[in-house]
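*Asks:* quick one: sequence plus predicted model below, questions after.
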Amino acid sequence: GAVVSQHPSWVICKSGTSVKIECRSLDFQATTMFWYRQFPKQSLMLMATSNEGSKATYEQGVEKDKFLINHASLTLSTLTVTSAHPEDSSFYICSARDPLAGAYEQYFGPGTRLTVT
Amino acid sequence: DAKTTQPPSMDCAEGRAANLPCNHSTISGNEYVYWYRQIHSQGPQYIIHGLKNNETNEMASLIITEDRKSSTLILPHATLRDTAVYYCIVRVANGQNFVFGPGTRLSVLP
């Protein structure tokens, strides 16, 4: 099946710094990518939807100036957590939609664990 | 997208069939039933999906009731590696994101 990768798989950063997470679709072109966040023992929560070449759409309660999303190509979306704080520590997961696939056309990345100290 | 209801947790003995139920009584005619699972600290993994008919693949079987208000995911011979949180999601085929509920935490016991 289609593969979505994320880099890095884990990152530790100091409070106040920025961290960039990459999401790549490896064998298909993703017109739409989604970013989720998952806190311990909780389910995935959608943060934003990113369409190639346009601005991301953020879910209610997600600060667009803090979580910068760029989807500059059909195979790459990036999430930058700016001025990270300990409460931003979480598991960040992206998924990518293959418009040419069938009804199960969304593929998830392996996740990036962010720890802010 | 329709809401789903799943039991919070289930146990299953290794080698036995694991039957995970899901209620989706408000499902619309054009909404599919998807099952994903998430093993600890990994991204969700697609298992199976269906619209009306029962489906089977190398991982599992999906049984959908005739009125489509509920479904059951069957792992025919559960192994320890099947221990995970299983999510049942209903969504239109070309819908946007998947909305994840709390899922069912399946523990396969030796």
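*Replies:* Cool, got the structure.

*Asks:* in the chain, which spans are strands?
*Replies:* This is for chain A. Along chain A, counting by DSSP state E, strands occupy A:4-7, A:10-13, A:19-25, A:32-38, A:45-51, A:57-58, A:67-73, A:76-81, A:90-97, A:106-108, A:112-116.

*Asks:* switch to chain B, please.
*Replies:* B:9-13, B:18-23, B:31-38, B:45-50, B:55-56, B:61-64, B:70-75, B:84-92, B:104-109.

*Asks:* distance to chain A and mean pLDDT added to the ones you listed, as JSON lines?
*Replies:* To be clear about C-beta, it is placed using only N, CA and C from the backbone, and glycine gets the same treatment. Putting those into JSON lines (distance: least, Cβ to the nearest Cβ, whole Å; pLDDT from 0 to 100) gives the following:
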{"stretch": "strand B:9-13", "distance to chain A": "12", "mean pLDDT": "97"}
{"stretch": "strand B:18-23", "distance to chain A": "14", "mean pLDDT": "98"}
{"stretch": "strand B:31-38", "distance to chain A": "5", "mean pLDDT": "94"}
{"stretch": "strand B:45-50", "distance to chain A": "5", "mean pLDDT": "93"}
{"stretch": "strand B:55-56", "distance to chain A": "11", "mean pLDDT": "96"}
{"stretch": "strand B:61-64", "distance to chain A": "12", "mean pLDDT": "98"}
{"stretch": "strand B:70-75", "distance to chain A": "14", "mean pLDDT": "98"}
{"stretch": "strand B:84-92", "distance to chain A": "8", "mean pLDDT": "93"}
{"stretch": "strand B:104-109", "distance to chain A": "10", "mean pLDDT": "97"}
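
*Asks:* and those as JSON lines, adding mean neighbour count?
*Replies:* Putting the strands of chain B into JSON lines (neighbours: other Cβ atoms under 10 Å in any protein chain shown) gives the following:
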{"stretch": "strand B:9-13", "mean neighbour count": "14"}
{"stretch": "strand B:18-23", "mean neighbour count": "20"}
{"stretch": "strand B:31-38", "mean neighbour count": "22"}
{"stretch": "strand B:45-50", "mean neighbour count": "19"}
{"stretch": "strand B:55-56", "mean neighbour count": "15"}
{"stretch": "strand B:61-64", "mean neighbour count": "19"}
{"stretch": "strand B:70-75", "mean neighbour count": "20"}
{"stretch": "strand B:84-92", "mean neighbour count": "23"}
{"stretch": "strand B:104-109", "mean neighbour count": "17"}
